[in-house]
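Trainee: Sharing a model prediction with you, sequence too.
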Amino acid sequence: MPSVSGLSMKFLSSLKTTVFLFVVIICILSYATLQLSFEQAVRAVYSKWWFEGLFFLVGINLLLVVKKHRLYKNPPLLMLHAGIVLMLLGGFVSRHFGFKGILHLREMEASNLVDIADSQKGVHRDLGFVVRLDRFVVKRYPGSDMASGYESFVTITDGDRSYRFKIYMNHPLKYNGYVFYQMSYDPDEGGTILLVKKDPGVWIVYAGYFVFSLGFLLFLVGVLKRRWVVFFAFLSILYPFTSNSMDIQGWADSSGCVAVVWANLMVQQNGRIEPMDTLDLNISLKLTGKRRLYGMDYNQLVLGMVSYPELFEKLKIILVNDRNIESRLGINTKYASYEDFFYPDGEFKLAGDLALAMKKPPSELTKTEKNLLKLNDRLYVAYSVFNGSIFRLFPVVDSVDNNYRWVGVDLLKTGAPHLAESLFGLFEGLIDSSRQLNCTRMAYFSKRISGVQKEFSSPIIPSHLKIKAEIVYNRLDLFSKLTWLYLSLSVLSMFASFGFKRLSAVFWSFGLVVFIIHALNMGLRWYIASHMPWSDAYESLVFIAFCIAAVGVVFFRRDLLGFACSFFAAGLFMFIAHLDNIDPQITPIVPVLDSYWLLFHVAVITVGYGFFALTWVLSAVGVVLHLKRDSFQSEIDRISGVLKPLIILGVGFLSIGTLLGGVWANESWGSYWSWDPKETWSLISILAYSVVLHMGFKRRDGVLFFAFVFFSFFFILMTYFGVNFFISGGLHSYSRGSGSFFWLVVLEVGLAAWLVLFLYMVAKRRV
């Protein structure tokens, strides 16, 4: 009879124990993020001894698994497991021996005492030196209140020596073992709040990061077998009324020339200087949901609204698309004119309904009330176009002292009183030339306005090439076109894979062209925005699609089925990127993202998402093929053989990307792991796919393996969409609580299905 210690050793060294511990941690973390607020989760879960004990058991289990399965004979696997153990050890040291405090200083105030973080008793720690705040500065994007950065200029006095430093986002100060991070500042901008940290465990954690990453890279080299793909992405392309009476058809046919002049004007919007072409496109999409309407492109539409407001106020250009509101307005189409919203005496028809909707909390709004609030935004935009206030064309005279603020014609007198008359005259001349369809005269006034802009705001004016590039980007609209190219190629190549495999080279060539177009357009957006194109919801979805397509092009050159699945997944993500609740506008980057770490952290994680998305589609195809297994056994075997390597690659890239995010977080605000919902769900996803890798599926479990891989992708969906759009809070939320309840239910059903499938496997003793 085996001893108790023998049974314990057998249990702790088992891969089944590894899987069991991972699933327990997944369940706990899922509950903590979905059912508790962050503060509640910290108190009830993350700070508890038993939660730390679970990770202690994971560390012991990994060490014993290495010994039992002789993983020390496989250097990559040894490094992967050793890296995890080092991370756990470093986390233990940080938790029990690290120090965090808050240093709040007003300008010209000095202190050597730091308030202990999370202490309710007002405990202080003596730094042994004095820190004085000499000056605090908030920088903003031109013409807006949006912060582009904040800086603390401090002097450290240590004995008889003094040193001056600047602390700002992503650039902490390291002195005498302490690290000072720019955390926040006082509302009046007269004081700074610094996070002070001393952490002996961070270097152990970093060592774990390095060992784990090196192990994965060695494994990756073995998988790729020296197959490298290098591509360079950059594109810079130059794009390049005789009567006052006018009708819509006449304007659509004759206004092309003046619309081109109008499109090239520069305007200030959302903290950046952009071509009027970009503003017009956003206005048109906001009002109509289209780029063209009634034979007019978006520049003709907006210029027409300014030039002939009396005509365009009668034109049905405002999207309603709600039967109840249409009935209330007395119209029978999904578009309404501006005049449709007002009674003959000027009273707003929907005033009562709107007032009622604005009093309700978001959770209690009906679908019609939500649409009414969106419609009210469209009406305000239309009103701003008709009166010209939305076009911020003119810098204030003292623009340097006013953060390079530009104003519209409605604010000229307040922004530049002694120039107001002449500047207003320029705008009137511009619009009058538009009415006359006189391109030469309009170009003259456009040049005069550009001269005023450069005179008072030359440091922030984009280059002529960049303005032209942005117009080209807008006109081409390549990303939305790529959606259908990806999906069409995927469907055609899917059919070809079951009888026309000789065409694989043809489909791959077409796919390569589409992929290169995708890469070039991302490069063009990068050039225009002056930051890497994966910093917001829209850009990250486009980049995920790019990574998935890259997998198809690189790994499935001769496998039409895999190629088809990868392009289908790429098209699916491109389709999601162009849904109504995703904003494709190019906007300034927030201060914390203005870091080279963004390039590595997000890029590597997104590559991991790409591999997982491909396994999702492949596993779905595998389940379908199992319905007629005898006819498609070779295809099933091919999918089964490629899934595990793809999962390993996905886990590796997601893990390393998460670790890079930890380094970024530690270098930016002093915490390599804070149980933020996004990083927590990244950990859950890594554990979930690790369960798949360690379950030891056999050939007879084929359909169960495919189903398990399919439902595992719901963890990735929750990591990306769930955290970004449903979980209220966290550093990574793009739009707190703005997601559809339907999709939240879909995500939770998917996660529940994964757990039920796992329990079924346990009941059948296949784990």
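Mentor: Received it, and whenever you're ready, just let me know what you need.
Trainee: gap between the helix or strand containing L64 and the chain center?
Mentor: Here L64 sits within helix 49-68, counting by DSSP states H and E. Distance, stretch centre to chain centre, for helix 49-68: 34 Å (CA atoms, centre = their mean, to the nearest Å).
Trainee: now do stretch 630-647
Mentor: Here stretch 630-647 is found 33 Å from its chain centre; the criterion is CA atoms, centre = their mean.
Trainee: E151 reaches K166, doesn't it?
Mentor: Yes - with contacts counted by CB atoms under 8 Å, E151 reaches K166, the gap being 5.7 Å. Every residue, glycine included, has its C-beta placed from N, CA and C.
Trainee: which of the two has more neighbours?
Mentor: Each of E151 and K166 has its neighbours counted (other CB atoms under 10 Å); E151 has more, 18 against 14.
Trainee: where does the more buried one land in three-state SS?
Mentor: The three-state label given to E151 by DSSP: H, G, I helix; E, B strand; the rest coil is strand.
Trainee: hmm, who's touching the helix holding L64?
Mentor: 9, 12-15, 17-18, 21-22, 24-25, 28, 45, 71-72, 78, 81-82, 84-85, 88-89, 91-92, 95 (CB atoms under 8 Å, 6 or more residues apart in numbering).
Trainee: Those residues, buried ones only, as a PyMOL selection?
Mentor: For the buried members of the contacts of helix 49-68, the matching PyMOL selection, counting by 16 or more other CB atoms under 10 Å, is:
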select buried, resi 12+13+17+18+21+22+25+28+45+71+78+81+82+84+85+88+89+91+92
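Trainee: in stretch 257-271, what counts as buried?
Mentor: 258-271.
Trainee: And those, which is closest to T719?
Mentor: Using CB to CB, N270 comes nearest to T719 of the buried residues of stretch 257-271, at 28.3 Å.
Trainee: related to what we said a few turns ago, any chance of JSON lines for the buried residues of stretch 257-271, columns distance to G346 and pLDDT?
Mentor: Formatted as JSON lines, the buried residues of stretch 257-271 follow (distance: CB to CB, whole Å; pLDDT from 0 to 100):
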{"residue": "V258", "distance to G346": "31", "pLDDT": "92"}
{"residue": "A259", "distance to G346": "31", "pLDDT": "92"}
{"residue": "V260", "distance to G346": "36", "pLDDT": "93"}
{"residue": "V261", "distance to G346": "34", "pLDDT": "93"}
{"residue": "W262", "distance to G346": "30", "pLDDT": "94"}
{"residue": "A263", "distance to G346": "33", "pLDDT": "92"}
{"residue": "N264", "distance to G346": "37", "pLDDT": "93"}
{"residue": "L265", "distance to G346": "32", "pLDDT": "93"}
{"residue": "M266", "distance to G346": "35", "pLDDT": "92"}
{"residue": "V267", "distance to G346": "30", "pLDDT": "91"}
{"residue": "Q268", "distance to G346": "32", "pLDDT": "89"}
{"residue": "Q269", "distance to G346": "29", "pLDDT": "84"}
{"residue": "N270", "distance to G346": "31", "pLDDT": "76"}
{"residue": "G271", "distance to G346": "35", "pLDDT": "75"}
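Trainee: Give me the subset of those residues lying in helices.
Mentor: Per DSSP state H, helices hold the following members of those: 258-263.
Trainee: doesn't A41 make contact with A32?
Mentor: Yes - in this structure, A32 is within contact of A41 by CB under 8 Å, at 4.0 Å.
Trainee: Could you list every helix and strand in contact with the strand ranked longest in the chain?
Mentor: For the chain, the strand that runs over the most residues, judged by DSSP state E, is strand 124-140. If contacts are counted by 3 or more CB pairs under 8 Å, 6 or more residues apart in numbering; DSSP states H and E, strand 124-140 sits against strand 99-106, strand 110-116, strand 147-158, strand 178-185, strand 191-198.
Trainee: Between those, which one is closest to R525.
Mentor: Of the helices and strands packed on strand 124-140, nearest to R525 by CB to CB is strand 147-158, at 19.6 Å.
Trainee: What's the first helix or strand after the helix holding L64?
Mentor: By DSSP H and E, the next helix or strand past helix 49-68 is helix 75-97.
Trainee: List the contacts of that following helix.
Mentor: Helix 75-97 is contacted by residues 52, 55-56, 58-59, 62-63, 65-66, 71-72, 199-216, 218-219, 222, 672-673 when judged by CB under 8 Å, 6+ apart.
Trainee: where does the chain have its least confident helix or strand?
Mentor: helix 412-415 (a mean of 52; mean pLDDT, DSSP states H and E).
Trainee: Tell me the buried residues within the contacts of helix 75-97.
Mentor: Buried by 16+ other CB under 10 Å: 55, 58-59, 62-63, 65-66, 71, 199, 201-202, 204-209, 211-213, 215-216, 218-219, 672-673, out of the contacts of helix 75-97.
Trainee: Just confirm L315 is within a helix.
Mentor: No - assessed with three-state DSSP, L315 is coil; it does not lie in a helix.
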